[in-house]
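**Q** Test case, fold it:
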Amino acid sequence: MASWLPETLFEIVGQGPAPCKDYYQLLVTRSQVIFRWWKVSLRSEYRSSKPGETKESHEDFLENSHLQVQIALIFGGRILDYVLNLCEGRFDFLERLSDSLLLNIISYLDLEDLTNLSQTSRRFSKLCRSDQLWELIVRSACDNLTPDLRALAEEMGWRQMFFTNKLQLQRQIRKRRQRQESQGGSGL
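**A** Residues are numbered from 1 along each chain as shown. This is a model prediction of the structure:
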């Protein structure tokens, strides 16, 4: 399975925490973790400093707590966890999918599954609450989406529209059942 993976597994760039202006790049390949930095400073002692680079095998990176701390400070704990998982051979292919592709996949889930998925991570929680997802769900549920309905959905939000329509339907079903029970009860 590892042979199906591209040479570059992960790449991220960013600026160091304030007030630092230094620029950093983290690159994870199939065999190495490469950490690069560029000092950006007006101070005379740093003007002549050259960009730096550290290359470590996955195994060496897993034992280098100093480099791990630097990565967590610059890119955050979530990125560090992801890189550690890559180095340990645990590839999270969902993490690599774009939000638009995940939204298309998620839009086929049942509401109960959607609720469960939203509780698995911050990313899925955000995706499951997004208007883009609920627009896909409403469009797939409605045979004919009129311009008035579309405008209303844009105004009130696609998710709110979806649940408002469901609640109205439930009220109608409840009223129908009550009518049937009252008609059935009077005939006895």
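
**Q** Residue 162: what's it in contact with?
**A** Applying C-beta atoms under 8 Å, 6 or more residues apart in numbering to residue 162 gives the contacts 134, 137, 138, 141. From N, CA and C alone the C-beta is placed, and that goes for glycine too.

**Q** same for the stretch of helix or strand residue 86 belongs to, what does it pack against?
**A** In this assignment (DSSP states H and E), residue 86 forms part of helix 77-87. On a contact count with 3 or more C-beta pairs under 8 Å, 6 or more residues apart in numbering; DSSP states H and E, helix 77-87 meets strand 8-15, strand 23-29, helix 58-63, helix 65-75.

**Q** rerun that using 7 Å as the cut-off
**A** Here helix 77-87 touches strand 8-15, helix 58-63, helix 65-75, going by 3 or more C-beta pairs under 7 Å, 6 or more residues apart in numbering; DSSP states H and E.

**Q** count of neighbours near residue 9?
**A** For residue 9, the neighbour count with other C-beta atoms under 10 Å is 20.

**Q** ok, now the one 10 residues further on?
**A** The burial count assigned to residue 19 is 5, neighbours taken as other C-beta under 10 Å.

**Q** Can you tell me the SS state at it?
**A** Recorded secondary structure, residue 19: coil (DSSP: H, G, I helix; E, B strand; the rest coil).

**Q** List of residues touching the helix holding residue 86?
**A** If you take C-beta atoms under 7 Å, 6 or more residues apart in numbering as the criterion, helix 77-87 is touched by 9-10, 12, 28, 33, 58, 61-62, 68, 71-72, 92, 95.

**Q** can you check stretch 62-73 too?
**A** 17, 26, 35, 54, 56, 61, 79, 80, 83, 84, 87, 88.

**Q** Using the three-state scheme, assign residue 179.
**A** helix.

**Q** Narrow the contacts of residue 162 to those that are buried.
**A** 134, 137, 138 (16 or more other C-beta atoms under 10 Å).
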